[in-house]
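Novice: After the sequence you'll find the predicted model.
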Amino acid sequence: MKKCFKCATPLICETVSRRDECPSCGSDVRVCLNCAFYDEGKANKCRETQAELVKEKDRANYCDYFRFREEGRKKSGKEEADRLWKELFKK
């Protein structure tokens with residue numbers, strides 16, 4: 001299921017155009033933070049090595065490699081490590 005990166009509202013759409021917005025919060029939908037290739041731990045925060053640099057990851061862009069992330073974003077190694085660290089030392 002496709003979800004908005006900002007408010008996690010489920011989105012019903014087959015294709016995503018640059019002008020699409022979330023019906024709940026109004027944020028852009030075709031953004032790096034909704035892309036399957038987005039990864040905090042990679043160069044330019046993108047696993048696609050040929051993609052051009054996008055500075056504003058939460059704004060609509062023209063990236064040719066955009067693929068909508070399905071069923072939540074896969075956590076990067078850093079995020080997973082942070083989660084495990086907090087879990088280990090919780091009070």
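Specialist: Everything's here; your move. Numbers count the residues shown, from 1 in each chain.

Novice: And the residue nearest the centre of the chain?
Specialist: In the chain, the centroid-proximal residue (Cα atoms, centre = their mean) is Leu33; its distance is 2.3 Å.

Novice: That residue belongs to a helix?
Specialist: Yes: checked against DSSP: H, G, I helix; E, B strand; the rest coil, Leu33 lies within a helix.

Novice: ok, it - contacts?
Specialist: Phe5, Lys6, Lys57, Asp58, Arg73 (Cβ atoms under 8 Å, 6 or more residues apart in numbering). Just so you know, the C-beta spots here come from the backbone N, C-alpha and C atoms, and that holds for glycine as well.

Novice: gap between it and Glu14?
Specialist: Going from Leu33 to Glu14 by Cβ to Cβ, to the nearest Å gives 20 Å.

Novice: any chance of the contacts of Leu33 in TSV, with distance to Asp82 too?
Specialist: Output for the contacts of Leu33, formatted as TSV (distance: Cβ to Cβ, whole Å):
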residue	distance to Asp82
Phe5	18
Lys6	20
Lys57	19
Asp58	20
Arg73	15
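
Novice: would you turn those residues into a markdown table with pLDDT?
Specialist: Below are the contacts of Leu33 laid out as a markdown table (pLDDT from 0 to 100):
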| residue | pLDDT |
| --- | --- |
| Phe5 | 89 |
| Lys6 | 90 |
| Lys57 | 94 |
| Asp58 | 93 |
| Arg73 | 52 |
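
Novice: can you pick the most crowded of those residues?
Specialist: Neighbour count (other Cβ atoms under 10 Å) singles out Phe5 as the most crowded of those, with 20 neighbours.

Novice: I figured that one hits Arg30, correct?
Specialist: No: contact criterion Cβ atoms under 8 Å: Phe5 and Arg30 do not qualify, at 10.8 Å.

Novice: Select, from the contacts of Leu33, the two members most distant in space.
Specialist: Asp58 and Arg73 (13.2 Å; Cβ to Cβ).

Novice: Quickly list what's touching both of these two.
Specialist: Phe5, Leu33.

Novice: quick revisit: where's the residue nearest to the centre of the chain relative to Lys86, distance?
Specialist: Distance from Leu33 to Lys86, by Cβ to Cβ: 22 Å.
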